[in-house]
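Enquirer: how would this look folded up:
(chains A and B)
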Amino acid sequence: MKKLLIAAIVIILLTPMGLLAPGSAWGEWGIDEVKNMVGYVPSGMKHFSDTVKALFPDYGIPGFDKNFFQQSIGYIFSAIVGIAVIAIVFFILSKMIGRQEGKNE
Amino acid sequence: MHIPDGYLSPSTCAVMGAAMVPVLAVATKKVNETFDKKDVPTMAIGSAFAFTIMMFNVPIPGGTTAHAVGATLLAIALGPWGASISLTVALLIQSLFFGDGGILALGANSFNMAFVAPFVGYGVYMLLQKLKVGKVISSAIGAYAGINAAALAASIELGLQPVLFHTADGRALYFPYGLSQSIPAMMIAHLTIAGLVEAAVTGLVVYYLIKAGEDNLLYKFTYRLRGENK
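Expert: Modelled structure (predicted):
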């Protein structure tokens, strides 16, 4: 358990390495990028994009993303928030799924 | 590989979402049958691992990025059905909190990364095991196949959009590039860099767990699911 925790902390602290890759993933452009690429914004795309505004868009803290240091903090923060929410989801799921211990097969 | 909202037509999103309903229903049933309650935290660890590993964007020649998913690793550790639930939860959190992948597109993204990837990866892994290939190599090759199958699925979903949904004058309503562009772009990124990263991460973790004598962590929970006698 201790080893797992150390590994988790190391991985979380290393996540900002993921910020170093330049550009965005193919097929994950913002509306402006699409407009630059094809010359227009597809009407349906415009209509349905940003259906819900994310709390921490692109794994960053809004307004706290001016430089690599701030982005890194936002990224690490996002990793912690994400893992915490996943833990909560599975805590709730554990009440609903899985066999009770000691039950016969 | 996280398709944003607005890229797929609402009907495509509905079809893909509908496809995921039976997958998750069967997955829940399988997990109920084979996991003890105390095993559920392992699913959480798998989900958290996939979530985090997807944050490591790697550069792709040509100025784009891609990332590993961890789908096959989860399928080997939790069984493909358990992996499917763990990956779906990770994708749900990514879309809701971080805007990574659309909410309407969650069905499509889950289909690709939480169904196609773990099941193809796991199938290849099991096949290679039958051919007496070692666990580490099997897991790495399975992971490579799994992530590329998912990338192919995503590129087909995207590339079909301009064919199916366009205005009278030929303008795309949603994703503007057709199959002839989407398939090569996605596949080059994943056949080269992202697939190798996925294979390396999977192989290394499986190697480590075996080496550390903790391969029971990988294989203990789901022997019934995999139809193996313990």
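Enquirer: now the helices: where do they sit in chain B?
Expert: B:10-34, B:40-53, B:71-98, B:106-110, B:117-130, B:135-164, B:179-189, B:195-211, B:215-219 (DSSP state H).
Enquirer: And these: which comes nearest A:Asn36?
Expert: Closest to A:Asn36 of these, according to Cβ to Cβ: helix B:179-189, at 16.0 Å. Glycine gets a C-beta too; all of them are placed from N, C-alpha and C.
Enquirer: what residues does that closest one touch?
Expert: A:25-27, B:1, B:60, B:62, B:64, B:66, B:148, B:151-152, B:154-156, B:158-160, B:163, B:175, B:177 (Cβ atoms under 8 Å, 6 or more residues apart in numbering or on different chains).
Enquirer: Now list the buried members of these.
Expert: A:25-27, B:1, B:60, B:64, B:66, B:148, B:151-152, B:154-155, B:158-160, B:175, B:177 (16 or more other Cβ atoms under 10 Å in any protein chain shown).
Enquirer: Show me where chain A dips below the pLDDT cut-off.
Expert: Within chain A, the stretches with pLDDT under 70 are A:101-105.
Enquirer: Please report the distance of B:Gly178 from A:Ile6.
Expert: Distance of B:Gly178 to A:Ile6, given as Cβ to Cβ, to the nearest Å: 48 Å.
Enquirer: for B:Gly159, that is, sorry about that
Expert: From B:Gly159 over to A:Ile6 (counting by Cβ to Cβ), the distance is 43 Å.
Enquirer: what's the answer for A:Lys35, then?
Expert: 46 Å.
Enquirer: Going by how many neighbours each has, rank those two and give me the top one.
Expert: Using other Cβ atoms under 10 Å in any protein chain shown as the criterion, A:Lys35 and A:Ile6 rank with A:Lys35 on top: 15 against 10.
Enquirer: Tell me which other helices or strands the helix or strand hosting the more buried one touches.
Expert: If you go by DSSP states H and E, A:Lys35 is part of helix A:31-38. If contacts are counted by 3 or more Cβ pairs under 8 Å, 6 or more residues apart in numbering or on different chains; DSSP states H and E, helix A:31-38 sits against helix A:43-48.
Enquirer: let's see it at 7 Å
Expert: Contacting helix A:31-38 under the criterion 3 or more Cβ pairs under 7 Å, 6 or more residues apart in numbering or on different chains; DSSP states H and E is no other helix or strand.
Enquirer: Based on its surroundings, how many neighbours for residue 49?
Expert: You didn't say which chain, so I picked chain A. Neighbour tally, A:Ser49, other Cβ under 10 Å: 19.
Enquirer: not quite, I wanted chain B
Expert: 23.
Enquirer: what's the nearest residue to it once chain neighbours are set aside in contact with, if anything?
Expert: Spatial nearest neighbour of B:Phe49, chain neighbours left out: B:Gly70 (5.7 Å); criterion: Cβ to Cβ, 6 or more residues apart in numbering or on different chains. B:Gly70 makes contacts with B:Phe49, B:Ala50, B:Ile53, B:Val201, as judged by Cβ atoms under 7 Å, 6 or more residues apart in numbering or on different chains.
Enquirer: out of the residues you listed, who has the most neighbours?
Expert: Highest count within those by other Cβ under 10 Å belongs to B:Ala50, 27 neighbours.
Enquirer: Would you mind confirming that it is in contact with B:Leu73?
Expert: No: B:Ala50 is beyond contact range of B:Leu73, at 8.1 Å (criterion: Cβ atoms under 7 Å).
Enquirer: any idea how far the residue sitting nearest the centre point of chain B is from B:Phe51?
Expert: For chain B, the residue nearest the mean C-alpha position is B:Met113 (2.5 Å; Cα atoms, centre = their mean). Per Cβ to Cβ, B:Met113 is found 11 Å from B:Phe51.
Enquirer: Buried residues of the helix holding A:Lys35, list them for me.
Expert: Using 16+ other Cβ under 10 Å as the test for burial, helix A:31-38 gives A:Val34.
Enquirer: Contacts only, for the residue most central in space within chain A.
Expert: Centroid check for chain A by Cα atoms, centre = their mean gives A:Tyr59 as the closest residue, at 5.2 Å. A:Tyr59 makes contact with A:Gly74, A:Tyr75, A:Ser78, B:Met55, B:Phe98, according to Cβ under 7 Å, 6+ apart.
Enquirer: residue boundaries of the helices in chain A?
Expert: Under DSSP H, chain A gives helices at A:2-14, A:31-38, A:43-48, A:68-96.
Enquirer: Output these as TSV; include the columns distance to B:Ile210.
Expert: Formatted as TSV, the helices of chain A follow (distance: least, Cβ to Cβ, whole Å):
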stretch	distance to B:Ile210
helix A:2-14	15
helix A:31-38	44
helix A:43-48	46
helix A:68-96	25
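Enquirer: Could you list the low-pLDDT ranges of chain B?
Expert: Across chain B, the ranges flagged by pLDDT under 70 are B:214-230.
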